[in-house]
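Student: have a look at this prediction, sequence included:
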Amino acid sequence: MAEQGIIPLGPFRGINNIDPRQSRGFQLPQGPEDPPPFLRAAINVDLDRQGWLRRRSGQTKIMGLSDGHSGFAVGNQLYLVDGTELIRVDGRSYETAVVATGLTAGKRVSFAEHAGDVYWTNGEQKGRIRTGVNTYWGVPRPRITGLSQTPGPLLPGRYMVAVTGQMVDGTESGAYAAQVIDLTQGAIVVNVLAETPYVNLFVTDANGNTLYWAGSVAASQFPYTISETNVSTQALDVIGCTEPPPGQIVRSFRGWLLVASAHMLYFSMPVSPHLFHPSTDYQMFEDEIVMMEPLTEGVFIAVRDRTYWVEGTSPADWRPRLVDTRKVVAGPGLRLPGRKIAGLNAETVYRRVQQPANEVVMWMTEDGPAVGLPGGQVQMLFDGAVAMDKATSASMAFRELDGIRQVLMSLQHTTENRFATTDRVSCTVIKAQ
């Protein structure tokens, strides 16, 4: 029985704000066979599965923000940016802590969980959050500033020397190209400029080509003399590797960290999220990447007016395939189980990937929400039924409460819908004789 003074409204067939108000879809049913009418607009209410309106539950203020954005939830922790601070909110106690300061104001931050850590970047700055504490993501490479010789036991010949930096926890940097010295006296004096507490030395045998580990030295001990080779069979394999480039999007996919920086997609070394080889390990797109979301077997990557599906077991096999040509609103996609979204092609969702989650990806386009299915298929929701404001960026979240599932969407920097025409002239020039 309805509460005193409350009139139940409904049921409704769904939402439609495209058809004219006078169309039959908005008329009340005249008989038991007529379908319910559409709902055009409503404020502060929810629409349940049976089409009845329900008053929306209230909100509880957890903390005040001056310029809050870029929320990211992992486990029971919420990360967000307020002005120039990166903040962590405990989902159980609602206690807050400042994780990082000095961020560029107004720059959206992208987050990714990878192997238990949270990685973040805003296009200018980057970091890694481990056990709630922000730390480095990527180790700066040390640089050899000089090689000289001194008497010692090494055989005369040409030697190559390279160095890597190492942090206290053992994380190692990449290396610049090896330096060469022609030795006549028998020991190599190395000068190094390093930002790390330790430096690993690698050296070849006389006239050799393979750099082997020759020891680890505290950065304060340079200049250091190498008087022994063949210390280890551990060969150097990170020449050319650097810290990750700051980008507008970071995502985890099959053991790699993916970073979208402008129109470039960079991927880390396998199982080494702090090492990137930017001169070789990248894919180039024709415009700035505005959305990137992985599923189990591939990644959806969108530029302004094209969406690609990139699939393959390793980077050598990754091939972008165009799957949609709608304009995409910049912002993170929403990953959730396909069964949570009514109206999807269920056969496609469950036939392609035999995983318990059966995840799909939702993002915003000029024609409303789009859903990316396993295998790279794209399905539009509310196509032809719901019109939304144009926007340059969007944020999305999924909410399930009291039997109602909702996708909450916030559009930023909305723009007017405008039509434009262009003229193109083709001409043929015939030269005399």
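Tutor: That came in fine, so what should we check first? Numbering: from 1, shown residues only.
Student: what about the helices in the chain?
Tutor: Using DSSP state H, the helices found in the chain span residues 346-352.
Student: now do the contacts for residue 122.
Tutor: For residue 122, the contact set (C-beta atoms under 8 Å, 6 or more residues apart in numbering) comprises 70, 103, 104, 107, 108, 109, 110, 246, 248. C-beta here means a position set from N, CA and C on the backbone, and glycine is covered the same way.
Student: are any of the residues you listed buried, and if so which?
Tutor: Neighbour-count burial (16 or more other C-beta atoms under 10 Å) applied to these gives 70, 103, 107, 108, 109, 110, 246, 248.
Student: redo the residues you listed as JSON lines? Include pLDDT and distance to residue 145.
Tutor: Formatted as JSON lines, those follow (pLDDT from 0 to 100; distance: C-beta to C-beta, whole Å):
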{"residue": "70", "pLDDT": "94", "distance to residue 145": "40"}
{"residue": "103", "pLDDT": "97", "distance to residue 145": "33"}
{"residue": "107", "pLDDT": "94", "distance to residue 145": "35"}
{"residue": "108", "pLDDT": "94", "distance to residue 145": "39"}
{"residue": "109", "pLDDT": "97", "distance to residue 145": "36"}
{"residue": "110", "pLDDT": "97", "distance to residue 145": "36"}
{"residue": "246", "pLDDT": "90", "distance to residue 145": "26"}
{"residue": "248", "pLDDT": "97", "distance to residue 145": "35"}
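Student: now residue 132: closest residue in space, sequence neighbours ignored.
Tutor: Once flanking residues are discounted, residue 132 sits nearest to residue 88: 6.0 Å by C-beta to C-beta, 6 or more residues apart in numbering.
Student: tell me who's in contact with that neighbour.
Tutor: Residues in contact with residue 88 (C-beta under 8 Å, 6+ apart) are 77, 78, 79, 96, 97, 98, 99, 129, 132.
Student: between these, which sits nearest residue 301?
Tutor: Closest to residue 301 out of the contacts of residue 88 is residue 79 (23.5 Å), distances taken as C-beta to C-beta.
Student: how close does that closest one sit to residue 127?
Tutor: Distance of residue 79 to residue 127, computed by C-beta to C-beta, to the nearest Å: 11 Å.
Student: what's the answer for residue 160, then?
Tutor: Relative to residue 127, and taking C-beta to C-beta, residue 160 is found at 34 Å.
Student: what residue is smack in the middle of this protein?
Tutor: Geometric centre of the chain, nearest residue: residue 250, 2.7 Å, by C-alpha atoms, centre = their mean.
Student: just list the residues touching that residue, thanks.
Tutor: Residue 250 neighbours (C-beta under 8 Å, 6+ apart): 110, 111, 112, 119, 120, 121, 126, 257, 258, 259, 260.
Student: if you set the cut-off to 10 Å instead, what comes out?
Tutor: Contact partners of residue 250, counting by C-beta atoms under 10 Å, 6 or more residues apart in numbering, are 109-112, 114, 118-122, 126, 137, 244, 257-261, 266, 268, 273, 292.
Student: returning to what we had before: any common contacting residues for residue 79 and residue 127?
Tutor: Listed contacts common to residue 79 and residue 127 are 86, 99, 100, 109, 118, 120, 134; contacts here mean C-beta under 10 Å, 6+ apart.
Student: next, format the residues you listed as a markdown table and append distance to residue 224.
Tutor: Below are the shared contacts of residue 79 and residue 127 laid out as a markdown table (distance: C-beta to C-beta, whole Å):
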| residue | distance to residue 224 |
| --- | --- |
| 86 | 38 |
| 99 | 37 |
| 100 | 34 |
| 109 | 40 |
| 118 | 37 |
| 120 | 36 |
| 134 | 32 |
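Student: closest to residue 329 out of the residues you listed?
Tutor: Closest approach to residue 329 among the shared contacts of residue 79 and residue 127 (C-beta to C-beta): residue 109, at 17.8 Å.
Student: for the closest one, which non-adjacent residue is closest in space?
Tutor: residue 70 (4.1 Å).
Student: correct me, but the one you found touches residue 82?
Tutor: Yes: here residue 70 reaches residue 82: they are 9.4 Å apart, a contact under C-beta atoms under 10 Å.
Student: which residues are common contacts for those two?
Tutor: With C-beta under 10 Å, 6+ apart as the test, residue 70 and residue 82 both reach residue 103.
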